[in-house]
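Engineer: Fold the stuff below for me.
(one chain, ligands or ions: 1)
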Amino acid sequence: MNPQELMQRKANATPRGVGVMCSFFAERAKNAEIWDTEGKRYIDFAGGIGVLNTGHLHDKVQAAVAEQLNKFSHTCYQVVPYELYIDVAEQLNKLAPIPGENKTAFYTTGAEAVENAVKIARAATGRPGIIAFGGGFHGRTLMGMALTGKVAPYKIGFGPFPSDVYHALFPNPLHGVSIEESLHSIEKLFKYDIEASRVAAIIFEPVQGEGGFYQAPAEWVRGLRALCDAHGILMIADEVQAGFARTGKFFAMEHYDVAPDLLTMAKSMAGGFPISAVVGRASVMDAPAPGGLGGTYAGSPLALAAAKAVISAIQEEKLLERANKLGAQLKETLHGLKAEVPQIADVRGPGAMIAVEFNKAGSHDADADFAKKVQTKALESGLILLICGVYGNVVRFLFPLTIEDEIFEEALQKLVAAIKA
Ligand SMILES: Cc1ncc(COP(=O)(O)O)c(C=O)c1O
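Structural biologist: Residues are numbered from 1 along each chain as shown. Okay, here's the model as predicted:
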């Protein structure tokens with residue numbers, strides 16, 4: 001069936017709320033390439049929104065899932081357990097940058113991991129309040145939306161949201177918020193909205209994803225940790241987008257010299273198979289009573305097999321080094337365009353979690369149109385790019401770290417042409 005006919009069927013059969021970026025339909029994919037139903041090839045710099053750090057259908061992931069599929073696909077871990085769950089939990093307990101004894105619980109989506117991190121923090125502290133940040137994104141469930149600091153399009157028409165969630169300012173010097181102002185905005189919440197002794201947790205993204213790929217400054221994270229320690233508040237690092245090698249470290253919190261109490265992860269954890277996790281200090285993770293955590297599909301054996309293969313691919317194929325190498329190459333290319341393209345306001349990001357922000361030439365006003373045009377031009381030439389940022393003026397790059405060198409080069413040429421056009 002041709003794409004136009006499929007689009008018509010889509011419009012008739014599915015709600016417009018499920019917004020769709022591309023007007024072609026996927027037929028098959030391998031590593032960093034997707035082919036549509038018409039046979040046209042695209043280079044995938046979106047990775048299904050940060051899910052494919054190890055690419056489409058990595059050989060090891062495909063083999064591990066096929067092997068598991070021949071054994072069993074589902075028992076529900078809470079009914080009949082399996083070793084894979086414990087295997088991957090043990091690995092993540094070691095890999096997570098949280099000192100001491102850790103424990104891991106698995107879920108299915110990023111939002112579900114965030115929801116459960118909040119449940120665990122509340123159970124461990126006996127307190128209700130949660131502080132999140134402007135520009136943060138934590139998912140589309142009711143608590144996920146409550147925590148998210150971006151109204152359009154995520155929250156419009158969906159309230160009321162769970163109570164006792166408060167937003168402070170995320171430090172963002174480019175947009176006029178200093179580290180001091182951000183930390184001060186938390187102190188203000190303690191004065192205006194909720195006493196510190198009723199706050200269970202502060203949740204933040206070490207690198208804001210949907211919000212625009214802004215990395216939390218080290219001094220700020222240290223300040224946040226000090227605030228948490230002073231008031232008995234737990235720190236939750238949401239690494240759903242930044243984790244699993246994207247930033248050139250296994251977890252983004254490894255860029256800092258302080259540790260969170262709980263860490264959420266999903267997306268690139270299993271190369272496209274739906275799974276998420278909360279890893280945290282054992283004493284905190286053990287707060288909820290038996291039966292309080294879990295879910296029918298939580299810790300699917302197929303996704304766990306994929307996750308195990310992803311962890312070994314990251315390690316064996318040295319994908320942390322590769323993230324840093326490819327990220328540096330991309331940054332250099334973008335910096336090289338600055339003289340010619342005055343709309344480039346900033347090029348940033350750790351490892352391969354890179355973004356370019358566009359402002360109107362010669363001003364500080366966000367230029368969402370420019371970002372959109374770059375995305376459209378790139379797509380016409382066969383390169384899939386994603387936009388992010390509170391003002392919609394940021395192009396972010398989430399290519400597979402396993403991308404072949406020549407395909408990466410080809411993509412950079414398409415990107416340069418799209419920006420120049
Ligand atoms: C930091 C962060 N947290 C949570 C989520 C929600 O994850 P999911 O869409 O898998 O529910 C996302 C998704 O983009 C995210 O980037």
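
Engineer: how near is I314 to Y154?
Structural biologist: Separation of I314 from Y154 (Cβ to Cβ, to the nearest Å): 30 Å. Placement of C-beta: from N, CA and C, glycine included.

Engineer: What count of nearby residues applies to the residue in the stretch 1-150 of the chain that the ligand sits nearest to?
Structural biologist: Across the stretch 1-150 of the chain, the shortest distance to the ligand (Cβ to the nearest ligand atom) belongs to G110, at 2.2 Å. The number of residues packed around G110, counting by other Cβ atoms under 10 Å, is 30.

Engineer: same question, the one 10 residues further on
Structural biologist: Residues lying near I120 (other Cβ under 10 Å) number 27.

Engineer: Does it touch V279 like I think?
Structural biologist: No: counting by Cβ atoms under 8 Å, I120 does not reach V279; the two are 10.7 Å apart.

Engineer: so what's in contact with these two at the same time?
Structural biologist: L262, M285 (Cβ atoms under 8 Å, 6 or more residues apart in numbering).

Engineer: State the phi and psi torsions of the residue lying closest to E210 once chain neighbours are set aside.
Structural biologist: The shortest distance from E210 to any non-neighbouring residue, by Cβ to Cβ, 6 or more residues apart in numbering, is to F137 (3.5 Å). Backbone torsions for F137, taken as degrees, to the nearest 10, come to phi -130, psi 130.

Engineer: same question, R28
Structural biologist: Recorded main-chain torsions at R28 are phi -160, psi 160, according to degrees, to the nearest 10.

Engineer: Spell out which residues make up each domain of the chain.
Structural biologist: With domains defined by automatic domain parsing, the chain comprises 3-57+318-420, 62-316.

Engineer: Mean pLDDT added to these, as TSV?
Structural biologist: Below are the domains of the chain laid out as TSV (pLDDT from 0 to 100):
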stretch	mean pLDDT
domain 3-57+318-420	97
domain 62-316	98
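
Engineer: quick one, which of these is packed in tightest?
Structural biologist: Burial of those is given as mean neighbour count (mean count of other Cβ atoms under 10 Å); domain 62-316 ranks first at a mean of 20.

Engineer: Distance from the chain centre to that domain, please.
Structural biologist: How far domain 62-316 lies from its chain's middle: 10 Å, per Cα atoms, centre = their mean, to the nearest Å.

Engineer: what about stretch 166-186, near the ligand?
Structural biologist: No: residues of stretch 166-186 are not located near the ligand by Cβ under 6 Å from any ligand atom, the shortest gap being 12.4 Å.

Engineer: what's the span of that stretch, first residue to last?
Structural biologist: One end of stretch 166-186 to the other measures 9 Å (Cα to Cα, to the nearest Å).

Engineer: got a list of contacts for it?
Structural biologist: 129-136, 149, 188-189, 193-194, 202, 204, 208, 211, 214, 216-217, 219-220, 223-224, 227, 345-346, 357.
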